[in-house]
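Asker: Need the 3D shape of this:
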Amino acid sequence: MKYILVFLLFLRIIQPFILRDPTYMIHNTGTDSGSPSELWTFLSDHLKTSTREWFICRAELAGIPWKETVNTFDDPYTQFSLDMWKRRLENPKIEYPNYFLQPFHGYDQGNMEWKAAYECEVATLSVSSNYWKHVNPFVAEEWMRYNFSKHIHEYCKRNHIYVNEISHILDLGCSVGISSEFLANAFRKADQIIGIDLSPFFIAMAAYRADKNGDKTKFIHANAEQVPLQNSCVDMVTCNFLLHEVPYNACMNILKEAYRVLKPNGLLVIMDLDPDYLKNRLTVNRFQKWAFEMTEPHIYEYYQHDMRESLEKSGFSDIEKMKNDPLNSVWIGKKHMLGVEILKVRHKTLSFVLA
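Answerer: Numbers count the residues shown, from 1 in each chain. Next up, the predicted model:
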């Protein structure tokens, strides 16, 4: 009964807005700071708690032990361990961009609080829990991640890239390290996997999980727009559900950083929401669309841009897009192995110079 009342209140408040196309809210930011529109801020401030309760209710109905899992972090020893990892890995000199300090996913402090880190595992499970009917949420997540790694292997086969030579992997926006764990299982011959995230709480949780599970993944607290690695040092960069959470300018900076740190012939692999499919599917259910959008401050910009075009602008070639599951797609691009320039010479002939 409680959640029914929440739904009714939610619908009553947003009724004046849901009759329009929600994407009209994007263009009122007025600056390049990455701030969401005033309308989004107003609605999020008033509705984020109700929206979050709805997501938790839906997850538990799908069989995800949300509250039971979160309660495991109440143990004093666990809290001490997490605080230790946070003190060890946090970079106190980081200047957080404004777009990152928004109330993501219904949390008052967004990704900058422990509650978001505690609930991240179950929230991740809930992402794929409704993709396939009558499928256990743990199995559904396995399917989603398996499809991701399968697309990488198939792309490598089509483009004559030896998967066993992918030895250094960078996982940008790794959150609490779940995506990094799946990468470690899918690429067992990799020498090193590094996860980077801007939230010190997420990075602490990622390191805690890796230590608990005996994984060798390394985690760094850093901004994906300013990766603290040398040029051309990794074989593959992955971005899982990162780019829809940043404004367009930040997205382009992240893609350029990925290009910089990749070795020649290295791969950038993105798994994220398919903008066109997302708009079409959620438009059918206006309530679900608004519940989702109230927790995603930068989703309107994401709707407006084509990922293939962004990858091309960032210098990637051999770009392919593949459907991963009912809601997400995978984009894979390759860093040029050799740059080619066409030079004019005296006799009006053309020569190709390999750089």
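Asker: quick one: the helices in the stretch 51-200 of the chain?
Answerer: 66-71, 76-89, 114-118, 120-128, 137-158, 178-186, 200-213 (DSSP state H, counting those that start in this stretch).
Asker: could I get these as CSV with distance to Leu268 and mean neighbour count?
Answerer: Using the backbone N, CA and C atoms, a C-beta is placed for each residue, glycine as well. Putting those into CSV (distance: least, C-beta to C-beta, whole Å; neighbours: other C-beta atoms under 10 Å) gives the following:
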stretch, distance to Leu268, mean neighbour count
helix 66-71, 32, 14
helix 76-89, 25, 14
helix 114-118, 27, 20
helix 120-128, 22, 21
helix 137-158, 11, 17
helix 178-186, 14, 21
helix 200-213, 21, 22
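Asker: Mean pLDDT and distance to Asn324 added to those, as CSV?
Answerer: Shown next, in CSV, are those (pLDDT from 0 to 100; distance: least, C-beta to C-beta, whole Å):
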stretch, mean pLDDT, distance to Asn324
helix 66-71, 92, 24
helix 76-89, 96, 30
helix 114-118, 95, 25
helix 120-128, 91, 10
helix 137-158, 96, 5
helix 178-186, 95, 13
helix 200-213, 96, 23
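Asker: For Ile193, which of these is the nearest?
Answerer: helix 178-186 (5.5 Å; C-beta to C-beta).
Asker: I'd like the helices of the stretch 51-200 of the chain written out as JSON lines, with distance to Tyr96 added.
Answerer: Formatted as JSON lines, those follow (distance: least, C-beta to C-beta, whole Å):
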{"stretch": "helix 66-71", "distance to Tyr96": "25"}
{"stretch": "helix 76-89", "distance to Tyr96": "15"}
{"stretch": "helix 114-118", "distance to Tyr96": "14"}
{"stretch": "helix 120-128", "distance to Tyr96": "18"}
{"stretch": "helix 137-158", "distance to Tyr96": "28"}
{"stretch": "helix 178-186", "distance to Tyr96": "22"}
{"stretch": "helix 200-213", "distance to Tyr96": "10"}
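Asker: State the helix or strand in which Leu267 lies.
Answerer: Counting by DSSP states H and E, the element that carries Leu267 is strand 262-273.
Asker: Buried ones in that strand, by neighbour count?
Answerer: Leu262, Lys263, Asn265, Gly266, Leu267, Leu268, Val269, Ile270, Met271, Asp272, Leu273 (16 or more other C-beta atoms under 10 Å).
Asker: Kindly report the same for stretch 303-320.
Answerer: Those would be Tyr303, Met307, Ser310, Leu311, Ser314, Gly315, Phe316, Ile319, for stretch 303-320 by 16+ other C-beta under 10 Å.
Asker: Determine which two of those are furthest apart.
Answerer: Tyr303 and Gly315 (24.2 Å).
Asker: did I read that right, Ile319 in a strand?
Answerer: Yes: assessed with DSSP: H, G, I helix; E, B strand; the rest coil, Ile319 lies in a strand.
Asker: Hmm, Leu311 and it touching each other?
Answerer: Yes: contact criterion C-beta atoms under 8 Å: Ile319 and Leu311 qualify, at 5.1 Å.
Asker: where do the contact lists of the two overlap?
Answerer: Taking C-beta atoms under 8 Å, 6 or more residues apart in numbering as the contact criterion, the common neighbours of Ile319 and Leu311 are Trp331, Gly333.
Asker: all strands of the protein, in order?
Answerer: Under the criterion DSSP state E, the chain contains strands at 168-172, 192-197, 218-221, 234-240, 262-273, 316-323, 328-335, 340-344, 350-354.
Asker: Output those in TSV, with distance to Asn71 and mean pLDDT appended to each entry.
Answerer: Shown next, in TSV, are these (distance: least, C-beta to C-beta, whole Å; pLDDT from 0 to 100):
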stretch	distance to Asn71	mean pLDDT
strand 168-172	28	98
strand 192-197	24	97
strand 218-221	25	98
strand 234-240	27	98
strand 262-273	30	96
strand 316-323	37	96
strand 328-335	30	96
strand 340-344	58	37
strand 350-354	60	37
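Asker: can these go into TSV with extra columns for distance to Thr124?
Answerer: As requested, the strands of the chain are exported to TSV (distance: least, C-beta to C-beta, whole Å):
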stretch	distance to Thr124
strand 168-172	14
strand 192-197	13
strand 218-221	16
strand 234-240	10
strand 262-273	12
strand 316-323	20
strand 328-335	13
strand 340-344	42
strand 350-354	44
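Asker: quick one on the thing from earlier: what is the strand holding Leu267 packed up against?
Answerer: helix 137-158, strand 234-240, helix 248-261, helix 307-313, strand 328-335 (3 or more C-beta pairs under 8 Å, 6 or more residues apart in numbering; DSSP states H and E).
Asker: now those as JSON lines including distance to Lys216?
Answerer: Shown next, in JSON lines, are those (distance: least, C-beta to C-beta, whole Å):
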{"stretch": "helix 137-158", "distance to Lys216": "18"}
{"stretch": "strand 234-240", "distance to Lys216": "16"}
{"stretch": "helix 248-261", "distance to Lys216": "20"}
{"stretch": "helix 307-313", "distance to Lys216": "30"}
{"stretch": "strand 328-335", "distance to Lys216": "25"}
